[in-house]
Structures are given as C-alpha cells and as structure tokens.
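[1] need coordinates for the below:
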Amino acid sequence: MIHVCFGLHDGNGRYSKFVGTTMASIFENTLAPVTIHILHDDTLTEDNRDKFSYLVGRYNQRVKFHDVEKICADEVNFLREKLADKIKSRFSIGAFYRLLIKKILTTHGIGKAIYLDADIIVNLDIDELWRQDLKNFPLAAVPEVDATFNEMIPKKFLIDTEIVKKEDYFCSGVIVFNLDKISDNFFHDGVQFLADNPKCESVDQDILNAFFATNYLKLEQKFDSFVLADKRKKFPVAKKIYHYAGRCVELKPNDPYNQLFMKYFSQTPWLDADALFGIGEGFRKFNDDFAKLIQRLMKFTAQHQRAFFVIPKNLSAMKKIFNVQDDEEIIEYRDKNSVNELVDKMREYAGQKIVLLFPQNFNAFKSFLNGKGFRENIHYVNGFAFMARDQCNYTHREWYLVSNM
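    Below is the predicted model of the structure:
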C-alpha cells in the first residue's frame, strides 16, 4: 500500500479542489493501491469531504481523514503560541501539518509516507517514487537547484547565513518520509527553530532543511520539476512530477502545461456548475478591482510624479510601454546595492513620487518595502499589474480566476 499525505487548511473552501486534482493525477497514472491521508482542520467542509470520498471511490482507492487540531492539540497550540504573527500575516497553518505526519501516521503502524503539496501534478506512476530506496535516510527530496534548473527562489535565509549549502537545500513540495528515522521531538524543535530565526521566509521548508539538508536522499529532478523552469527551457511535457509553484496555472488552452493541469482537474467532482459560475464571478471582480486600481493610480499620478525600478534588460520595453519621459527617474535593478538605492530614493521622495516596480519577485519586494515603512498604492505599485501577459509573462491575474473555480 502506498501512503500519500496532504495538509489541508481551506479557509474559503476553494483550496480542496487543488488537492483533488493532485489526487486524480495520481490515480490516473497508477495501478498500485493508494491510501490518501488528508491532514485537515475544521475548515474541511462536508461537501469537500464528500467529494474526496467520491473521487477515491471512482478509482477504487482509499482516503483517511485526520483532524490535526484534535489529534495534535498540544502541538497546534504550541505552534500558535510561538508563531502567531507568521500564521496571521502570511502563512497558512496548513503548511505546518506535514511536520506532524510522524505523530499521526505511526500510530496507525505506518513507517513510510509520501507528502505532496496541492500545486503538484503527478504525471508518472507514483509507485516509481514510492519504490525509491530510502536506506537509512530520514527523507528523500529534490534539491531546489535541480528542481528549478539553478533558478532558485531568492532570499534563502538558511543559505545566506551558510546554515545550509545551496546545493543541498531541497524543496518540500514532494517528500518521501522514512518516519522511523524522524525524531519524536521534531515538530516541537522545528517550531522553536523558526521562532528563534524569524528571518526564515519559507517556514516549513526551512525547518525541514535546517534539520535534514545534510542527511537526505537526493532524488532525480523528474520527481519535483518546477513548471516555470521547464517552460523557460521549452521542454515538452514528460513523465514527471510537476510542481506548479508560483501560481503558474492559467486559462491558456494552447499551453501544454495548463492543458495537463486541466486534464486532471476535469477528472474531479470539483468541475461543476459552481466552478463555471466561480470563473464568471472572478472575471467580474477582477475587472472591478482593476478599474479601481487604474483610478487610484491616475489620481495619484495627477498629483505626483512617477519613478521606475526595473532590471536593465526590460528597460527599453518599459520606456515604450509606459511612455517614460526624460525627466522621470529610473533606478536600474542590478544587485543588492540597487535595492538600497531604491530605499534611499523613496525616502527622498517622501510620498511625492510613486514608484512603479518591475522585479520578478514582487511579493518579496512588497514584504521588504513594507518593513521599511512604505505602503503599496501610496509609495509604490506593481508595474506588472498594468501590463498585458505577452508583455511581461505575468500570470497572477489568471491564477485568481483559476483559484476562484
């Protein structure tokens, strides 16, 4: 029996469909018996529970539901006490449920389990991953440099502080756990580590790396292949486990990676009338929100000047798209010194200029600038929000529509 786990905190009821899509991709590609373990809290609705049960029944597989807040009440209380600010401000508590797999599953006599994020499509036989020999390693995972073809997500505290070597830092979206080799105190010690190191941005992933980066089985790239990286390489869809990190699912019919996602989503009970109405509602809300954003920007730029923060290779295109005038200031984003220059300039502007930002990692910049006392739509805006997709390959607006299904 193959055991596969998901962590589920579903505040708006729309996250479960992604877990269901990953499950469908598993079932469509294997003849092996699979038990799905859903580690959930009270945000799991009866309707979504029924859909999970229906889905596994269609494929003659199994599902077990584990209420984390009841089974691990002490651990959850400790987590909320130590990391209340992080949970409220940025991260879902469900991200930490994977750290409780040891306690939950070993009480059922299970010594090995696969953990998957909900932005995963398993486009190969899950049995191939399950049969990986863990030997005496506590877990197996794919190094991020391999998963992203050396295009790692920036700002890794553990790497910057040399706690973990760059080549050893692994992704936590696909993990095979050897539960007998995980300490009983791992969850407590991991949460305490994060509390003691508040600059860790990747929370659960940083905990796992802090404890296991020097002692894990490195898997092949195909077991956790980042879609954005594969797209940049122009690779065709293959027999891989695809990681749709960065909210890169779109409603783009001629993209094979989006076709792959929709292929498996269409096999779930979440593709129903509510999903279609949700897309329509999403379009209407997006149009209204975008109109209001344009109105705010027009009002602000009527009273204030613009400035621009952009990487050099995009400079020419940005000047043309935004009709940048000779007297408008441009700060070129080359390195960390450029970021310091941006902060100094924004302090000089004192709100008299609004900065249009064009970094690829806007959310990281937003968090950084907010920490410096600046505010979005007052001191700066996301320049990509005013560009067409073919101008900037910006997909988050379509992700909103997908998530609203």
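
[2] how about residue 94: what's its closest non-neighbour residue?
    Distance criterion Cβ to Cβ, 6 or more residues apart in numbering; nearest residue to residue 94, sequence neighbours excluded, is residue 9 at 2.9 Å. For every residue, glycine as well, the C-beta is placed using N, CA and C.

[3] grab the most central residue of this protein for me.
    residue 245 (4.8 Å; Cα atoms, centre = their mean).

[4] show me the contacts for it.
    119, 153, 173, 226, 227, 228 (Cβ atoms under 8 Å, 6 or more residues apart in numbering).

[5] just checking, which of these belong to helices?
    227, 228 (DSSP state H).

[6] tally of neighbours for residue 305?
    With neighbours defined by other Cβ atoms under 10 Å, the count for residue 305 comes to 13.

[7] is it in contact with residue 328, as I believe?
    Yes - between residue 305 and residue 328 a contact is recorded at 6.6 Å, counting by Cβ atoms under 8 Å.

[8] rewinding a little: separation between the residue nearest to the centre of the chain and residue 13?
    Distance of residue 245 to residue 13, computed by Cβ to Cβ, to the nearest Å: 23 Å.

[9] over to residue 256?
    With Cβ to Cβ as the criterion, residue 256 and residue 13 are 30 Å apart.

[10] ok, now residue 220?
    Following Cβ to Cβ, the distance that separates residue 220 from residue 13 is 36 Å.

[11] swap in residue 362?
    From residue 362 to residue 13 the distance is 27 Å (Cβ to Cβ).

[12] got it, and residue 27?
    23 Å.

[13] who has more neighbours out of those two?
    residue 27 (21 against 13).

[14] which strands and helices lie in contact with the helix or strand harbouring that one?
    Assigned by DSSP states H and E, residue 27 belongs to helix 16-28. Packing contacts for helix 16-28, counted by 3 or more Cβ pairs under 8 Å, 6 or more residues apart in numbering; DSSP states H and E, involve strand 2-8, strand 34-40, helix 46-58, strand 120-122, helix 256-265.

[15] mind jotting down where the helices sit in the stretch 51-200 of the chain?
    68-71, 73-82, 84-89, 101-106, 126-130, 144-147, 157-160, 186-196 (DSSP state H, counting those that start in this stretch).

[16] of those, which approaches residue 265 most closely?
    Ranking the helices of the stretch 51-200 of the chain by their distance to residue 265 (criterion: Cβ to Cβ) puts helix 126-130 first, at 17.9 Å.

[17] now do the buried residues in the longest helix seen in the chain.
    Longest helix in the chain, counting residues (DSSP H): helix 273-303. Applying a neighbour-count criterion of 16 or more other Cβ atoms under 10 Å, one finds 275, 278, 282, 297, 300 buried in helix 273-303.

[18] which is the next helix or strand following that helix?
    Using DSSP H and E, the first helix or strand after helix 273-303 is strand 305-310.

[19] ok, now which ones touch residue 214?
    Applying Cβ under 8 Å, 6+ apart, the residues near residue 214 are 164, 168.
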